[in-house]
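In: Here's my sequence, what's the structure:
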Amino acid sequence: MFGRGRGGEAAGSVRRVVPLDPDRSLVRTAQADPARFDALYRKYVAQVYSFAYHELGDHHEAEDVTEQAFLLALGALARFREEAPDDAGPEASTFRVWLLRIARNAIANQRRTVRRRPATPLDAVGEAAAPDDPERAVLARADASAAWAAVARLPGDRRRAVVLRFVEEMTTAEIAGVLGRSEGAVRVLLHRALRSVARDLGERGEAR
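Out: Got it, this is the predicted structure:
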């Protein structure tokens with residue numbers, strides 16, 4: 001449920017410990033004393049909520065998913081390890097990535113019971129795209145609500161990659177860890193997602 005753990009590895013897969021998690025001391029403290037988990041909760045609750053809200057578009061559902069994600073994380077914290085597959089960047093082994101992977105699964109469960117589309121603008125998309133991206137000019141000129149509606153129409157992992165990159169400001173290595181993909185696959189997802197959004201906005205603009 002929480003990604004590829006030791007018991008669920010494919011045959012022949014190799015995992016390594018990458019000593020770069022900035023939350024290591026907080027994690028170890030909470031593993032020793034679950035009552036100290038509050039420090040991790042306070043550090044990441046806004047980020048998990050933001051991820052859930054941009055995926056679900058409903059404050060109450062986002063709050064429910066946020067609490068579910070932290071309860072699941074607390075219950076599984078003793079099994080958390082700073083491990084990443086060999087084809088992933090070092091950031092893929094962090095507590096933050098592990099937590100957002102749990103949140104992603106909680107969001108998926110929520111979607112199975114209540115199907116909704118986000119209706120809130122994704123203001124960060126136009127500003128966060130790289131200056132040399134052809135999509136940026138299209139997104140920057142578009143109305144923010146139209147841009148978010150276009151993002152919301154993207155298929156699952158393309159949409160999630162955009163939210164994680166431009167709202168949560170995660171690196172491709174971190175996104176790869178959350179989505180369970182390679183960094184190369186994440187770059188392709190982002191490239192195709194932005195082109196799809198630009199094309200969507202362009203087509204709808206011509207229709208209007």
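
In: can you map out the strands along the chain?
Out: For the chain, the strands defined by DSSP state E cover 15-17, 83-85.

In: weakest of these in terms of mean pLDDT?
Out: Lowest mean pLDDT of these: strand 15-17, a mean of 52.

In: Please pull out the lowest mean pLDDT helix or strand from the chain.
Out: Using mean pLDDT, DSSP states H and E, helix 124-128 stands out as the lowest-scoring helix or strand of the chain, at a mean of 43.

In: residue ranges with poor pLDDT in the protein?
Out: Along the chain, segments meeting pLDDT under 70 span 1-20, 83-92, 113-144, 204-208.

In: Would you map the helices across it?
Out: 24-32, 38-56, 59-76, 95-113, 124-128, 134-141, 144-152, 156-166, 172-179, 183-207 (DSSP state H).

In: Tell me which of these is the most buried.
Out: Stretch with highest mean neighbour count among the helices of the chain: helix 172-179 (a mean of 24; mean count of other CB atoms under 10 Å). (Each C-beta comes from the backbone N, C-alpha and C, glycine too.)

In: Could you report the distance from Asn109 to Ala193?
Out: Here Asn109 is placed at a distance of 23 Å from Ala193 (CB to CB, to the nearest Å).

In: typo on my end, it should be Leu72
Out: For Leu72 relative to Ala193 (CB to CB), the value is 28 Å.

In: Kindly report the same for Ala78.
Out: 36 Å.

In: Arg96 too?
Out: 22 Å.

In: now do Thr172
Out: Note on Thr172: its distance to Ala193, by CB to CB, is 13 Å.

In: Restricting to C-alpha, output stretch 178-186 in CSV.
Out: Coordinates of the C-alpha atoms in stretch 178-186 are reproduced here as CSV (Å, rounded to 0.1, in the frame of the first residue of the first chain):
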residue,chain,number,x,y,z
VAL,A,178,5.7,9.4,-5.2
LEU,A,179,4.4,8.0,-8.5
GLY,A,180,6.6,4.9,-8.5
ARG,A,181,8.2,5.7,-11.9
SER,A,182,11.6,6.5,-13.2
GLU,A,183,12.8,10.1,-13.4
GLY,A,184,12.9,9.8,-17.2
ALA,A,185,9.3,8.7,-17.2
VAL,A,186,8.4,11.7,-15.0
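
In: residues in contact with Ala78?
Out: If you count contacts by CB atoms under 8 Å, 6 or more residues apart in numbering, Ala78 has them with Gln31.

In: Actually, Glu55.
Out: With the criterion set at CB under 8 Å, 6+ apart, Glu55 makes contact with Ala62, Ile107, Arg111, Pro118, Arg159, Arg160, Val163.

In: how about 7 Å then?
Out: Ile107, Val163 (CB atoms under 7 Å, 6 or more residues apart in numbering).

In: For Gly202, see how far away it is.
Out: 25 Å.

In: Pop the domain breakdown of this protein in here.
Out: Under automatic domain parsing, the residue ranges defining each domain of the chain are 14-113, 124-207.

In: how long is stretch 161-178 end to end?
Out: 9 Å (CA to CA, to the nearest Å).
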